[in-house]
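1. below are the sequence and a predicted model for it; my questions follow.
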Amino acid sequence: MKVLNTCLIFILFVALLLALPLFAAELKNEVARQEGNRLVITYDLEGKEKEAQVSLILTVDGKTYKASDLHVEGDVGKVPTGRDKRISWNILQDFPQGLHSAVDWELTTAGAAFADSITGMEFVFVKGGCYQMGDTFGDGDADEKPVHEVCVNDFYMGKHEVTVGQFRKFVDDTNYRTEAEKGDGCYVWTGSQWDRQRDKNWRNPGFSQRDNHPVVCVSWNDAQKYVGWLAGKTGKKLRLPTEAQWEYAARSGGKQEKYAGFSAESQIYRYGNFCDSNCDDIWKMASQDDGYKYTAPVGSYLPNGLGLYDMTGNVWEWCSDWYGEKYYGESSRNNPAGPSSGSYRVLRGGSWNFIPRVVRAAHRDGFIPGDRSGSLGFRVSFPAQ
């Protein structure tokens, strides 16, 4: 479609965030058109909920904007379900010279997410499906090959990484002591190397954190204890996600995305926390600024196409699988759960002190289950059944 005598490409993608029971609102009949100097998008919002969250993200000249960044008005944000919804963008107020390049649109909706009453943790419904797992861009590591088809069932994924505040509720309820607290501490980044320090743990990882930051200095074993506790409290089959579920969710439902929700390296700072200009390391990417030297509060950046946050960087996330360097060559197609044994557990997503290559959605790593550092955290999932 052409508007304002320039070539604009509208990509309207619907991502559903379902609540329990599965009555999420759904976008239908999206239409984009020009009205004078405005771009107008109309749509219907159907569902059994009274209202839903509707978000609009657009990319102009490679830069991504939220609706709140521009002169956008109308039915965006919390919107009552019904027909004939309208969003209007006054293009010339934001781009007085007009547009002369492609613009990508992403319109998404989310109903009230399921949230457990114990910690307030929100979960996003992920519709299952099949996808090509691994190094689909051809520039990854050997353990990301071969690219192979994987199918996963419907599941729920934590909207955010588990926070300090949510972990504290577990500790307060159980008097649990993490492996860092019982042992010889946690690895801390000194600016030149990782150094294990006995007095460092999730309460004091070597840098300042608030309750809305992702918890760190937790081992795979600690994460399992947390998940077991919360499962007992909620009655749900909570668990760490499998590696296949994690990559499928990060790539907005298995889409061809290099990072979680996008593919342009120049946009990482808008979607995640990585080794940018705030980083001490010599390999930092000084041309980008994500605003944080260490961890960022969860949800500080743009979500991916499913409404999941921080799956690019911030902290590494433990998965349930054993790590197998050559596992992709022998992986089952349906709901693979990793090798039957191993020495390391899978970590995904990269963290605040890693380069773009490491925060790719396909990148894999593995640590000993008892390892803990100031860059290791986790998120929770459970099956939709």
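-> It's in.

2. who's in contact with the longest helix anywhere in the chain?
-> Secondary structure of the chain per DSSP state H: the longest helix is helix 220-234. Helix 220-234 is contacted by residues 116-119, 121, 162, 167, 170, 173-174, 176, 178-179, 218, 237-240, 318, 345, 367, 369-372, 378, 380, 382 when judged by CB atoms under 8 Å, 6 or more residues apart in numbering. Heads up, the C-betas are built off the backbone N, CA and C, glycines and all.

3. please repeat the previous calculation with a cut-off of 7 Å.
-> With contact meaning CB atoms under 7 Å, 6 or more residues apart in numbering, helix 220-234 is reached by 116, 118-119, 162, 167, 170, 174, 176, 178-179, 237-240, 318, 345, 369-370, 378, 380.

4. who are the packing partners of the next helix or strand after it?
-> Per DSSP states H and E, the first helix or strand lying C-terminal to helix 220-234 is helix 243-250. Contact analysis of helix 243-250 by 3 or more CB pairs under 7 Å, 6 or more residues apart in numbering; DSSP states H and E lists strand 129-133, strand 148-152, strand 316-322, strand 345-348 as its packing neighbours.

5. quick check: buried residues in the second one?
-> In other words, strand 148-152. By 16 or more other CB atoms under 10 Å, the buried positions in strand 148-152 come out as H148, V150, C151, V152.

6. check the last one too.
-> Of the residues in strand 345-348, R345, V346, L347, R348 count as buried by neighbour count, 16+ other CB under 10 Å.

7. low-scoring stretches of this structure, by residue?
-> Applying pLDDT under 70 to the chain picks out residues 1-25, 48-49, 110-113.

8. what about the helices in it?
-> Going by DSSP H, the chain shows helices at 91-94, 164-174, 179-182, 220-234, 243-250, 268-271.

9. how about the nearest residue to N29 once chain neighbours are set aside, what does it touch?
-> Closest residue to N29 apart from its sequence neighbours, by CB to CB, 6 or more residues apart in numbering: D44 at 4.8 Å. By CB under 7 Å, 6+ apart, D44 lies in contact with K28, N29, R83, K85.

10. with the flanking residues excluded, which residue is spatially nearest to the last one?
-> Once its chain neighbours are removed from consideration, K85 has its nearest residue in D75; the separation is 3.9 Å (CB to CB, 6+ apart).

11. pretty sure that neighbour contacts I87?
-> Yes - at 5.8 Å, D75 counts as touching I87 under the criterion of CB atoms under 7 Å.

12. the more surrounded of these two?
-> Between D75 and I87, counted using other CB atoms under 10 Å, I87 has the larger neighbour count: 22 against 19.

13. mind checking how far the more buried one is from G74?
-> 4 Å (CB to CB, to the nearest Å).

14. any common contacting residues for D75 and I87?
-> Joint contacts of D75 and I87 (CB under 7 Å, 6+ apart) do not exist.

15. mean neighbour count added to the helices of the chain, as CSV?
-> As requested, the helices of the chain are arranged in CSV below (neighbours: other CB atoms under 10 Å):
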stretch, mean neighbour count
helix 91-94, 16
helix 164-174, 17
helix 179-182, 19
helix 220-234, 19
helix 243-250, 27
helix 268-271, 23
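
16. output those helices as a markdown table; include the columns distance to A102.
-> Output for the helices of the chain, formatted as a markdown table (distance: least, CB to CB, whole Å):
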| stretch | distance to A102 |
| --- | --- |
| helix 91-94 | 14 |
| helix 164-174 | 40 |
| helix 179-182 | 48 |
| helix 220-234 | 42 |
| helix 243-250 | 25 |
| helix 268-271 | 18 |
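
17. closest one to S208 among those helices?
-> Among the helices of the chain, the nearest to S208 by CB to CB is helix 164-174 (10.9 Å).

18. returning to that earlier point: which one of the buried residues of strand 345-348 is nearest E265?
-> Nearest to E265 among the buried residues of strand 345-348, with distances taken as CB to CB, is R348, at 18.4 Å.

19. the closest one: what's it in contact with?
-> Per CB under 7 Å, 6+ apart, neighbours of R348: E243, W246, E317, C319, R364.

20. do G158 as well
-> Here G158 is in contact with M121, F123, R379, V380, S381 (CB under 7 Å, 6+ apart).

21. from those, pick the one nearest A67.
-> F123 (24.4 Å).

22. please name the nearest non-neighbouring residue to that closest one.
-> Y156 (4.1 Å).
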